[in-house]
Each structure stands twice: as structure tokens, then as C-alpha cells.
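A.B. asks: this is the structure alone, sequence omitted:
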């Protein structure tokens, strides 16, 4: 589902009146692909994989551009909390934010000139957004960059997080904080493909809806695309 380079700017689907990604038809579910084995999801196995990465190709790397603006570098933290069942930490962004408001996202944000590396950006942003202190985090490595339609060049930084971490979400940026089992996200039976056509432009994305108790968490767009790439990395 990776897209070719796009020269023209198109409107973001999220700007359409009454647009709800949950209502866009599902064209396929990838249940035919194998799930990543549970034994490959342990802390030791993850350390080994990042220490000696396999040959692999990311599947989703470039969204159709919908902003005429200078590209900006950013990082997100794909934080795997080392509970008895490994969990991935995600946020729901507050509704008033200028980009991706109300959407499910990894902690992260724009790089600062003072940041020494993409990992430094991800750790700083995670601390600012959700109060995750660096001493609780073990960075394993990063995935290839993902370019959003708003011209952010995002580096996903993968890390292990101690389960005794103390989190304090920033209420300005984070409406909710939750965790999803890593095994759920690394099972393509939960990866749904969507297609949306508008004005002759075809947009495609993944979603990974997760029922969190009584709350439905709709993971889609860039977050789902980076998780899909993580699945490809883990299953290579």
C-alpha cells in the first residue's frame, strides 16, 4: 500500500464535513498472513532482532500530500511496556490540536534543534506528552521514516518500557492514554484495509480497531501504517 511520489496537493480526508474513518468501507482483512509468534515478542527476542535486523522492506512509507509546507522532521516512541503480556502505549490526542486532533497516536512530535538524534526527540516528546521519564526506557532501534500527508518525516523509535513507569499525561495534548497488547497489533487478522476515492484521488490506509473494555479504540492512518511496518519488520 505504499504510494508513489505525489506532485499535487490534495485535500485531507479529515477536513471533509462529517468524515468518519470508521465509516469508510473495509476492502480487505489480512487474516491470511501469519501472526508474529509470541516467543518473538519477548524483551530478549526484541533485543536480538534489533541487534541483528533481517532484510526487509517497509510496506507503507508515503502518504498523499495535502499540505504545501516545508517538510519537518519528527519522531514517535513505539513504546512496548514490559508487562506479563507486552503492551504498546498509545494516546488519544485532544480535540483542539491543529494536527491529527482526536486521533490515536504514539507519543512524539517535532524535532528540536537541540535534539541529538531521532531517539532523543522521541524520548523528550514522550516525557513532555505523557510524563515518561527516560530512566524507564530502553531504546532498541528505529524503523524507516514515514512521511505523512502534512509533510512530517517521522522516525518511529522502538523501545522497551519498564512496567513500574509513572505516567502523567499533559492534558493540553493528551485526552486519554491506553495500552494495546503487542500480540494484537502483530496479528494481521486485525489489520483492515480501507479505500476512499474523492475527486478522482484514491486514498488507502490500514485500521486496527481495538475494543478496550467498553471503549472502542480506532487505530488508523499514520499510526496504523507504522505499526504495519513494525509487523513487516518482525515477520521478515
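C.D. replies: Sure, I can see it. This structure is a prediction, so every number in the text was calculated from the model and none was measured.
A.B. asks: show me where the protein has helices.
C.D. replies: 43-51, 118-130, 182-185, 221-235 (DSSP state H).
A.B. asks: where exactly do the strands run in the protein?
C.D. replies: In the chain, the segments counted as strands under DSSP state E are 26-29, 72-81, 87-93, 104-105, 108-110, 137-142, 146-147, 152-161, 174-181, 192-198, 201-207, 210-212, 215-217.
A.B. asks: which other residues reach the third one?
C.D. replies: It stands for strand 87-93. Identification of contacts with strand 87-93 by C-beta atoms under 8 Å, 6 or more residues apart in numbering yields 77-81, 100-107, 129-130, 132, 161, 169, 173-182, 185, 217, 219, 223, 227. Glycine gets a C-beta too; all of them are placed from N, C-alpha and C.
A.B. asks: switch the strands of the chain over to a markdown table; also include distance to residue 50.
C.D. replies: Formatted as a markdown table, those follow (distance: least, C-beta to C-beta, whole Å):
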| stretch | distance to residue 50 |
| --- | --- |
| strand 26-29 | 29 |
| strand 72-81 | 11 |
| strand 87-93 | 16 |
| strand 104-105 | 22 |
| strand 108-110 | 18 |
| strand 137-142 | 4 |
| strand 146-147 | 18 |
| strand 152-161 | 7 |
| strand 174-181 | 20 |
| strand 192-198 | 28 |
| strand 201-207 | 23 |
| strand 210-212 | 25 |
| strand 215-217 | 26 |
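A.B. asks: nearest to residue 53, out of those?
C.D. replies: When these are compared by C-beta to C-beta, strand 137-142 sits nearest residue 53, at 7.4 Å.
A.B. asks: what angle do the closest one and strand 152-161 make?
C.D. replies: Relative orientation of strand 137-142 versus strand 152-161 (axes from the mean of the first three to the mean of the last three C-alpha atoms, to 10 degrees): 130 degrees.
A.B. asks: distance of residue 230 relative to residue 155?
C.D. replies: 13 Å (C-beta to C-beta, to the nearest Å).
A.B. asks: and the residue nearest to residue 46 when sequence neighbours are not counted, how close does it get to residue 64?
C.D. replies: Of all residues not flanking residue 46 in the chain, residue 140 sits nearest, at 5.9 Å (C-beta to C-beta, 6 or more residues apart in numbering). Residue 140 is 31 Å from residue 64, where distance means C-beta to C-beta.
A.B. asks: now do residue 175
C.D. replies: From residue 175 to residue 64 the distance is 27 Å (C-beta to C-beta).
A.B. asks: ok, back up a step: correct me, but the residue nearest to residue 46 touches residue 156?
C.D. replies: No. Residue 140 is beyond contact range of residue 156, at 11.1 Å (criterion: C-beta atoms under 8 Å).
A.B. asks: so for those two, which sits in the more crowded spot?
C.D. replies: residue 156 (27 against 19; other C-beta atoms under 10 Å).
A.B. asks: ok, the more buried one - contacts?
C.D. replies: 75-76, 78, 106, 142-143, 146, 226, 229-230.
A.B. asks: 7 Å instead?
C.D. replies: Neighbour list for residue 156: 76, 78, 142-143, 146, 226 [criterion: C-beta atoms under 7 Å, 6 or more residues apart in numbering].
A.B. asks: check residue 35 too.
C.D. replies: So residue 35 contacts 186-189 (C-beta under 7 Å, 6+ apart).
A.B. asks: residue 218 now?
C.D. replies: 21-22, 104, 207, 209.
A.B. asks: these, buried ones only, as a PyMOL selection?
C.D. replies: Here is the PyMOL selection string for the buried members of the contacts of residue 218, based on 16 or more other C-beta atoms under 10 Å:
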select buried, resi 21+104+207
